[in-house]
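Novice: next one to model:
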Amino acid sequence: MKHYLATFLILLGFYTKAQQQELLDNTWYLEKVVIEGEEYFTPNNEEVNKVLATFYNYDRDLFMTNVCGGIDANLIHESQNTFTLNSLSATLIHCGDTDNRYFEQLYFSIYTNNDVPKNPFQYEINNLENKLQLIVTNNVGNKVIYYSESLSIEEAFKNKITIAPNPVQDVLQFQNLPKEYKNLTIEIYDVQGKLIINQSLKENNLNVSQLTKGIYFVKVKNGKDIIISQKIVKK
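Specialist: Predicted coordinates for the structure are as follows:
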């Protein structure tokens, strides 16, 4: 029993060390901020089109991130997948765009409240198909989600598009449809796989009042590529 416990502790130590090294070795691209279950995605405009975070070693471990302004701090590894920040400072440069400024405030609020870090922070690094995902959670459960490389346009749009309400009675709303795509179509299938609706999506809504009550599957496509697929319930 002691042998198994010792082996487990050794493997756990290797895993923790590997996670710490992955944290330090990568530049992290912010996908979204999650506050009390509400998701806020990184802006994509002329002023802000990506947000980077780095955890790196320069005679000591440091953390740095910025939107328009930035924050940096000393990074201390406390225990397995836990770190704290100290000596935090902020750069007083604010975004000109109101939406960008609001997002920056939300993002920075994950890490600090009036330059006081929201310690401790839990983190996990997940290996996906061709990239790493980093999830950092602060002391009140709010989190930020990064990737080790910038998401493609298709991945970013897929994450941002929402189809609501669900269940639906009369009209489906499609939010955050990419303006860059000019050939969007919508397909709706019943549970037997029969195609019920197939038409161009020129507006941000679709009247589905003619559908009978039940479960359907909605696909939004750009040409032949499926941008999002979602199950809905018709009331």
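
Novice: give me the buried positions along the one helix or strand residue 64 maps to.
Specialist: In this assignment (DSSP states H and E), residue 64 forms part of strand 61-66. Going by neighbour count (16 or more other Cβ atoms under 10 Å), the buried part of strand 61-66 is 61, 62, 63, 65, 66. To be clear about C-beta, it is placed using only N, CA and C from the backbone, and glycine gets the same treatment.

Novice: distance check, the fourth one against residue 167.
Specialist: Right, residue 65. Look at residue 65 and residue 167: by Cβ to Cβ, to the nearest Å, they are 39 Å apart.

Novice: circling back: who touches the strand holding residue 64?
Specialist: Outside strand 61-66, the residues that touch it by Cβ atoms under 8 Å, 6 or more residues apart in numbering are 24, 30, 51-56, 70-77, 85, 91, 107, 111.

Novice: again with stretch 105-120
Specialist: 30, 33, 35, 40, 51, 65, 67, 71, 73, 78, 82-86, 88-90, 121, 136, 138-140, 142-144.

Novice: quick check, distance from it to the centre of its chain.
Specialist: Computed by Cα atoms, centre = their mean, to the nearest Å, the separation of stretch 105-120 from the middle of its chain amounts to 18 Å.

Novice: again with stretch 166-177
Specialist: Taking mean C-alpha positions (Cα atoms, centre = their mean), stretch 166-177 and its chain are 22 Å apart.

Novice: so where's the protein shaky on pLDDT?
Specialist: Scanning the chain for pLDDT under 70 picks out the ranges 1-19, 58-59, 150-160, 178-182, 225-226.

Novice: could you chop it up by domain?
Specialist: Split into domains by automatic domain parsing, the chain comes to 2-151, 161-234.

Novice: how about the helices in this protein?
Specialist: 2-25, 98-111, 153-160 (DSSP state H).

Novice: separation between residue 147 and residue 125?
Specialist: 11 Å.

Novice: overlap in contacts of those two?
Specialist: Going by Cβ under 8 Å, 6+ apart, residues that sit against residue 147 and also against residue 125 are 132, 133, 134.

Novice: may I ask which of the residues you listed has the most neighbours?
Specialist: residue 134 (23 neighbours; other Cβ atoms under 10 Å).

Novice: residue 128 is in contact with that one, correct?
Specialist: No - taking contacts as Cβ atoms under 8 Å, residue 134 lies outside contact range of residue 128: 10.9 Å.

Novice: show me the common contact partners of those two, please.
Specialist: residue 147.

Novice: residue 234 and residue 208 touch, don't they?
Specialist: Yes - contact status for residue 234 versus residue 208: in contact at 6.4 Å, counting by Cβ under 8 Å.

Novice: joint contacts of those two?
Specialist: Between them, residue 234 and residue 208 share the contacting residues residue 168, judged by Cβ under 8 Å, 6+ apart.
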